[in-house]
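**Q** take this sequence and fold it.
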Amino acid sequence: MIPPGFVHDLLARTDIVEVVGRHVELKKAGINHKGLCPFHGEKTPSFIVSASRQTYHCFGCGVHGNAIGFLMEHTGAGFVEAVEDLAQRVGMVVPQDERSVEERERAKAQKARQITLTDVLARAGDHYRAQLKKTPRAVEYLKRRGLTGQIAKQFGLGYAPEGWRTLASAFPAYDDPLLVEAGLVITPEASDAQEQKRYDRFRDRVMFPIRNVQGETIGFGGRVLDRGEPKYLNSPETPVFHKGRELYGLFEGRTGMRQRGYALVVEGYMDVVALAQHGFENAVATLGTACTAEHVQKLFRFTDSVVFSFDGDAAGRRAAGRALEAALPHATEQRTIRFLFLPTEHDPDSYVRDLGAEAFERAVEAALPLSRQLLQVSSEGCDLAGPEGRARMLATARPLWSLLPDDGLLKRQILGELARAAQLPEEELRALWSGQPTRPDGARPPAADSARRPGRAAPLQRAAAPRGARRSPAKAADHAVRLLLQHNELWADLSPDDHHLLHDLPEPHGPLIAWLERHLLHHGPSAWATIDAGLRADGLGDTLAPLLRSAAGVVEETQPQADLQAALRLLWLAQVKAETEALLAGGLQGDADRRRYQELLQRTAELRATAAPEAPDGTK
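**A** Predicted coordinates for the structure are as follows:
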């Protein structure tokens, strides 16, 4: 606990005008400062900051407080985090730090490193914005997407030129290791003689800076202007950027969330920007990864209502299922969680451009509440007219229902809904489910679950770690799934398109991928022994066995990431070949079929080419 005396001294040494001024444009008004309230929409300033009293107050919405309260309300920081932020600004050390001197020094060095990296990323952002102004082709692309210069400025959009080393003009030392650490430059792991072959990560892409809640640039997303793969490219994980924690547009969307009363979670950068262009300034997007419980928790710092928007196709339904699992632990009767599914031919960007803001607003109003979404997910593929279908629905619903907070009325209400759908008395269902709740990644007894916890022996016979395939008879699907199970940390490096491809694999591969993603969502990357025990505990041992048999005697891979990419290329080639043959069998009817056929030919050529672009030599 931080002593009250320290908090008092900290506030006495803090200039609230400087703190608030970092986030709100303030103008002197007599002895006070005035600006537009960041907590509600207004055209006439009614937000007053008093230097003499060291407080803020809005005469429009009534919010008030001190510098600590402002940081907590505006940035979503916790009390301790806000105190530590202010203490660092004024050079004070927060007391009762039980860490050793070495630990404190390491934390201090890490914080200094993070500040340095955000400075590097901010300079890169300035460079990309300057390049956008000089590139009519990129400006025309944004105009075609319906964006104005004002919205581009609001989100800090830029452009990374086509050259291999354009960042050399923005940084005096292109060989600075910070450029690699910040994810801006790629240096192949090679000998010193090849060291000069480093090159820019982002080339010929519209750039979307990713900001944390303090407004610092922590990474980038780049979108190709024309055709190309991947369509979206994100910054890698760095000391300041973690995809599973951050949300694109959160810094820009906080005020919009308060004005509209809810946060809108979409899937793409362009969706966020296009919605803001049409008045929906409350949208955020996950960064090429599934929605996590940490994402949901962060959103509930700013609003009590969240709407998840997904495409209506199979990939969108899967994403909605993962978002449901992430949201359930945070669902209470005081919070609203809804799910919006757009027609399969639309994403939020195209929907709001083609049909208008009012139509999108009506779609949001019709979004499914969490209880109905849970029931729909549980009932999918179940014939509720028969006892078998109802039993299967309950088996699917139980691990989801168990994620709800135990002390909430919402959990009891949803149990009643499930009981009615299953044609069971509510009390009977409650009695059936009164034991140990199961997890959404499969029902398992508590004893089997102990295999997941470090330091405890698994009660199951563990298979030897699967060995990577070097011989040709192993199928690409076998190889890709086996590699991901053994090296499951590689899942986060794959693109959303790769995720969809793997999910769509037929049995036994697709179900194993679905299980793996749920495991990673709840437990993170795990050792093979944990994965093996979990699969067997969930009754997937028979599904796993063929993969292990096909791996027998195979040489262990030394480059699992490269091997995985090779297997994925084979899977993509098979998919493209199947679609090409289907088009040819249909006789290429119409211009659309012919265009698609040409696209497939180009995609085939790309897949058969070298896996990664060859870095330029030192003369380029």
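**Q** residue contacts, the most centrally placed residue in the chain?
**A** Closest to where the C-alpha atoms of the chain average out (C-alpha atoms, centre = their mean) is Thr286, at 3.2 Å. Contacts of Thr286 were listed using C-beta atoms under 8 Å, 6 or more residues apart in numbering, and they are Lys243, Leu247, Tyr248, Val265, Glu267, His295. Bear in mind the C-beta positions are built from the backbone N, C-alpha and C, glycine included.
**Q** gap between the second one and Tyr128?
**A** What it means is Leu247. 21 Å (C-beta to C-beta, to the nearest Å).
**Q** cool, the last one as well?
**A** In this structure, His295 and Tyr128 are 26 Å apart, going by C-beta to C-beta.
**Q** just how off-centre is stretch 478-497 within its chain?
**A** 17 Å (C-alpha atoms, centre = their mean, to the nearest Å).
**Q** before we move on, what about stretch 589-600?
**A** Counting by C-alpha atoms, centre = their mean, stretch 589-600 comes out at 33 Å from the chain centroid.
**Q** neighbouring contacts of that stretch?
**A** In contact with stretch 589-600 (C-beta under 8 Å, 6+ apart) are residues Arg227, Val576, Glu579, Thr580, Leu583, Leu584, Gly586, Leu588.
**Q** mind redoing it with 6 Å?
**A** Stretch 589-600 has contacts (C-beta atoms under 6 Å, 6 or more residues apart in numbering) with Val576, Thr580, Leu583, Leu588.
**Q** what pLDDT does Lys111 get?
**A** Lys111 is assigned 67 on the pLDDT scale.
**Q** hang on, I meant Phe241
**A** Note on Phe241: pLDDT of 92.
**Q** can you count the residues close to it?
**A** Counted with other C-beta atoms under 10 Å, residues neighbouring Phe241 total 23.
**Q** contacts only, for it.
**A** Phe241 touches Ile218, Gly219, Ser235, counting by C-beta under 6 Å, 6+ apart.
**Q** of the residues you listed, which is the most crowded?
**A** So for those (other C-beta under 10 Å), the most neighbours sit at Gly219, 27 neighbours.
**Q** can you confirm that one is in a strand?
**A** Yes: under DSSP: H, G, I helix; E, B strand; the rest coil, Gly219 sits within a strand.
**Q** that one bridge partners, please.
**A** Here Gly219 shows beta-bridge partners Ile210, assigned using DSSP bridges.
**Q** for the record, mean pLDDT for stretch 63-83?
**A** 86.
**Q** ignore the last one, stretch 350-370
**A** On average, stretch 350-370 scores 94.
**Q** contacting residues around that stretch?
**A** Contacts for stretch 350-370 (C-beta under 6 Å, 6+ apart): Gly146, Leu275, His278, Gly279, Val307, Ala331, Ile337, Arg338, Phe339, Leu340, Leu342.
**Q** try it again at 7 Å.
**A** 146, 274-275, 278-279, 307, 327, 331, 337-340, 342 (C-beta atoms under 7 Å, 6 or more residues apart in numbering).
**Q** one more: stretch 310-329?
**A** Applying C-beta under 7 Å, 6+ apart, the set of residues contacting stretch 310-329 is 267, 290-293, 295-296, 306, 308, 337, 339, 341-344, 347, 370, 373-374, 377, 400, 403-405, 440, 500, 503, 521.
**Q** which of those fall in helices?
**A** The helices in this structure, assigned by DSSP state H, contain Ala293, His295, Val296, Leu370, Gln373, Leu374, Val377, Leu400, His500, His503, Leu521 from the contacts of stretch 310-329.
**Q** looking at the residues you listed, which one is closest to Val90?
**A** Nearest to Val90 out of the ones in helices among the contacts of stretch 310-329 is His295 (C-beta to C-beta; 31.9 Å).
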